[in-house]
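In: Sequence and predicted structure are below.
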Amino acid sequence: MSIQSNLNTIKASLPEHVTLVAVSKTKPVSDLMQAYEAGQRIFGENKIQEMTEKWEQMPKDIQWHMIGHVQSNKVKFMAPYVTLIQGVDSLKLLQEINKQALKNNRIIDCLLQIHIAEEESKFGLDENELNELLTSSEFKELKNIRILGLMGMATFTEDQNQIKKEFTHLKSIFDSLKSIEGYGKDALQYISTISMGMSGDYPLAIECGSTMVRIGSSIFGGR
């Protein structure tokens, strides 16, 4: 199967309100260009250096999503062009993104990563940390970021019930965002995105309320 036909098959299966992020990490530019020529414009990378190299080489109407864990000292490299930073898991990181966005005269969109998996290795905030962050005075000072919603990764398991439970949990946190006391209504007007679901579990994620799926191997083949 070609990248183009894989992409078309997946796109045909997605509801209109769900955005497809083609996860292109470790793949060569030639593969990404095949997806681009098939109409894909949103790509997800997990290493800032690799993403920046691809951004430099590829058409400028592409939206680049950073989907990996972000080190604060690397934010400056993607600040000029990144469309969405999906894995934001601390106030410190938000402050750095805000600082670099300001330097580039931009407002950078972010998703807050919530820890929903049972695995310790996954990054993310828990519900208390999320509430603390969003109601803090430091957060309210950040004028060059926009929080578009939440992102989460389910446990790597075959157990569909567990995955469903984790996705449903993320959706309930997402739904409760709008009722957090002391969280400015202005900041909430952009909350629209819940990014969950990958190649193995995206149909279930959509069923549970996902509006953005991150799909790599089902488009580009295995790593």
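Out: Received, thanks.

In: which residues of the chain fall in strands?
Out: Under the criterion DSSP state E, strands of the chain are mapped to 19-23, 42-45, 63-66, 84-88, 108-114, 145-152, 193-195, 212-215.

In: Where in this structure is the helix or strand with the lowest mean pLDDT?
Out: Lowest on mean pLDDT, DSSP states H and E among the helices and strands of the chain sits helix 185-188, with a mean of 61.

In: hmm, back to that, any chance of the strands of the chain in a markdown table, with mean neighbour count and distance to A205 too?
Out: The way it works is simple: take the backbone N, C-alpha and C, and place the C-beta from them, glycine included. What follows is the strands of the chain, written out as a markdown table (neighbours: other C-beta atoms under 10 Å; distance: least, C-beta to C-beta, whole Å):
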| stretch | mean neighbour count | distance to A205 |
| --- | --- | --- |
| strand 19-23 | 22 | 12 |
| strand 42-45 | 23 | 15 |
| strand 63-66 | 23 | 16 |
| strand 84-88 | 25 | 14 |
| strand 108-114 | 25 | 14 |
| strand 145-152 | 23 | 9 |
| strand 193-195 | 24 | 9 |
| strand 212-215 | 24 | 6 |
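
In: how about the ones you listed in TSV, adding mean pLDDT and distance to S136?
Out: Formatted as TSV, those follow (pLDDT from 0 to 100; distance: least, C-beta to C-beta, whole Å):
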stretch	mean pLDDT	distance to S136
strand 19-23	98	29
strand 42-45	98	29
strand 63-66	98	23
strand 84-88	96	14
strand 108-114	97	13
strand 145-152	95	13
strand 193-195	97	22
strand 212-215	98	26
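
In: Output those as JSON lines; include the columns distance to S30.
Out: JSON lines is the format used below for those (distance: least, C-beta to C-beta, whole Å):
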{"stretch": "strand 19-23", "distance to S30": "14"}
{"stretch": "strand 42-45", "distance to S30": "14"}
{"stretch": "strand 63-66", "distance to S30": "18"}
{"stretch": "strand 84-88", "distance to S30": "24"}
{"stretch": "strand 108-114", "distance to S30": "29"}
{"stretch": "strand 145-152", "distance to S30": "28"}
{"stretch": "strand 193-195", "distance to S30": "27"}
{"stretch": "strand 212-215", "distance to S30": "19"}
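
In: buried sites along stretch 126-141?
Out: 129-131, 133-134, 139 (16 or more other C-beta atoms under 10 Å).

In: Return the subset of those lying in helices.
Out: Of the buried residues of stretch 126-141, the ones assigned to helices by DSSP state H are 129-131, 133-134, 139.

In: Of all the strands of the chain, which one is nearest A101?
Out: Closest to A101 of these is strand 108-114 (C-beta to C-beta; 4.3 Å).

In: quick one, that closest one and strand 84-88 angle?
Out: Angle, strand 108-114 to strand 84-88, by axes from the mean of the first three to the mean of the last three C-alpha atoms, to 10 degrees: 30 degrees.

In: what does strand 108-114 rub up against?
Out: The contact list for strand 108-114 (C-beta atoms under 8 Å, 6 or more residues apart in numbering) reads 79, 82-89, 94, 97-98, 100-101, 123-127, 130, 133, 144-152, 170, 173, 190, 193, 195.
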